[in-house]
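Trainee: Any chance you could fold what I've pasted below:
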Amino acid sequence: MSRWIMQDTSNMTDVAYQAYSLQGVSRTFALTIPQLPEKLRLQVGNAYLLCRICDTIEDEASLDIVQKENFSGDFIRVVDGELSPEGFAATLSGSLTDTTPEAERDLIRNVHRVIRLTHGFTPTQRRFIGDCVREMAAGMIHYQKRQSLDGLRDVAELYDYCYYVAGVVGVMLTKLFCDYSQEIAKNREQLLELAVSFGRGLQITNILKDIWEDRQRGACWLPRDVFSPCAFELQTIPDHRNDGCYLAGMENLIAITLLHLRNALRYTLSIPPEEKGIRRFCFWALGMALLTLRKINRHRNFRSGQEVKISHLSVKATIAATELVVGGNQRAQWLFDVVEKGLPHDFSLPTP
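Mentor: Numbering: from 1, shown residues only. Okay, the predicted model is just below:
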């Protein structure tokens, strides 16, 4: 996929702008979303951009927590059709600094185009997407207020955090998938339960990969209970990357993440084999997360996310391997078992 370059988009249709913006804010999703059935691509791409706007508000360093809470509340009203997107965009754009990537600033300036598409979806689709954005925005603010280098209280709080930043997306996608296909809807309850776990697996992988980059922003999303046997606090982990207790804590978190990625596989295999587009979408996300987890496991004392970022070759390998297994459950299970070899399976948490 070519590198995103800032363009004059004034003559683009809203649909074309959405595709352009997706490539700028997430090359991964720009790659995976087109794999979905045509009747889902626009809705899923649109939902992703709305969630990215929540992220942009959360990540802008110049905004204090009151401003973030106000912008998040206003954005929910924009999605619900209660507030002008143009006015919201003008105010938020004026508050963003160069620390926010140019592609995200461009997205904020063009919120009205994204929202026009949102408001053109069916009432059911709009409800699913709106519920997701509402929960995500509220959850992000909740955890922004608690953000520190002290980490999260325990694994239960880690799961709660992951629900708001990733699980809600899995729930929304599942509802859209079930609305699209009566065959998929037959497994609705099981899929909704597994969707939350799928989101946890992807998000904890990202948390582990981004430990050091998050610290630069004053955040640590590691659970303190996993590291409670250690003679150091999470605030001081840069000085203890090679400490046996830190490495053991990382091993536990890798094992916990793998448990959820196994549930991600169960989710994917519960999608009917004939829905190859949806399965491909899920397999790609799962495969890239599993390969990232393998790199983290091999380099538990890594110092930068770049050290454990998977290569373009690994991405291509994931895509190629998916084509071999996308239509069959047994082959997919076998491939997962092969790739997960060497990862820790057992974990233990201190008794409260």
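Trainee: The one helix or strand in the chain whose mean pLDDT sits lowest: what's the following helix or strand?
Mentor: One helix or strand of the chain scores below all others by mean pLDDT, DSSP states H and E: helix 27-32, with a mean of 85. Using DSSP states H and E, the helix or strand that follows helix 27-32 in sequence is helix 38-59.
Trainee: What residues of that next one count as buried?
Mentor: By neighbour count on 16 or more other CB atoms under 10 Å, the buried set for helix 38-59 is 40-54, 56-59. Every residue, glycine included, has its C-beta placed from N, CA and C.
Trainee: same question, stretch 234-245
Mentor: Applying 16+ other CB under 10 Å to stretch 234-245 flags Leu234, Ile237, His240, Asp243 as buried.
Trainee: Would you mind confirming that the second one makes contact with Tyr246?
Mentor: Yes - look at Ile237 against Tyr246 with CB atoms under 8 Å: they come within range, at 6.3 Å.
Trainee: Show me the buried residues of stretch 234-245 that map onto helices.
Mentor: Taking DSSP state H, every one of the buried residues of stretch 234-245 sits outside helices.
Trainee: Now render those residues as CSV, adding pLDDT and distance to Leu291.
Mentor: Output for the buried residues of stretch 234-245, formatted as CSV (pLDDT from 0 to 100; distance: CB to CB, whole Å):
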residue, pLDDT, distance to Leu291
Leu234, 96, 27
Ile237, 94, 24
His240, 95, 27
Asp243, 95, 26
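Trainee: For my notes, please list those in a markdown table and give distance to Leu96 for each entry.
Mentor: Output for the buried residues of stretch 234-245, formatted as a markdown table (distance: CB to CB, whole Å):
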| residue | distance to Leu96 |
| --- | --- |
| Leu234 | 30 |
| Ile237 | 31 |
| His240 | 36 |
| Asp243 | 39 |
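Trainee: check contacts around the residue sitting furthest away from the middle of the chain.
Mentor: What lies farthest from the middle of the chain is Ala231; by CA atoms, centre = their mean that is 32.3 Å. Shown in contact with Ala231 (CB atoms under 8 Å, 6 or more residues apart in numbering): Cys245.
Trainee: quick one on the thing from earlier: need the overlap of contacts for Ile237 and Tyr246.
Mentor: Common neighbours of Ile237 and Tyr246, counting by CB under 8 Å, 6+ apart, are Phe227.
Trainee: The chain - how does it break down into domains?
Mentor: Here the domain assignment for the chain is 15-145, 148-352, based on automatic domain parsing.
Trainee: Rebuild the ones you listed as a markdown table, extending it with distance to Ile5.
Mentor: Converted to a markdown table, the domains of the chain look like this (distance: least, CB to CB, whole Å):
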| stretch | distance to Ile5 |
| --- | --- |
| domain 15-145 | 9 |
| domain 148-352 | 19 |
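Trainee: Among those domains, which comes closest to Met6?
Mentor: Among the domains of the chain, domain 15-145 comes nearest to Met6, with 6.0 Å by CB to CB.
Trainee: End to end on that closest one, go ahead and measure it.
Mentor: Start and end residues of domain 15-145 are separated by 36 Å (CA to CA, to the nearest Å).
Trainee: Over to stretch 229-239?
Mentor: Its first and final residues considered, stretch 229-239 spans 16 Å by CA to CA.
Trainee: Stretch 269-278 now?
Mentor: For stretch 269-278, the end-to-end distance is 11 Å (CA to CA).
Trainee: May I see the buried residues of that stretch?
Mentor: Leu269, Ser270, Ile271, Glu275, Lys276, Gly277, Ile278.
Trainee: Low-confidence stretches in this protein?
Mentor: Counting by pLDDT under 70, the low-confidence segments of the chain come to 1-3, 349-352.
Trainee: Go again with 50.
Mentor: Along the chain, segments meeting pLDDT under 50 span 1, 352.
Trainee: Which parts of it are strands?
Mentor: Per DSSP state E, the chain carries no strands over any range.
Trainee: How many residues are close by Asp346?
Mentor: Under the neighbour criterion other CB atoms under 10 Å, Asp346 is assigned a count of 7.
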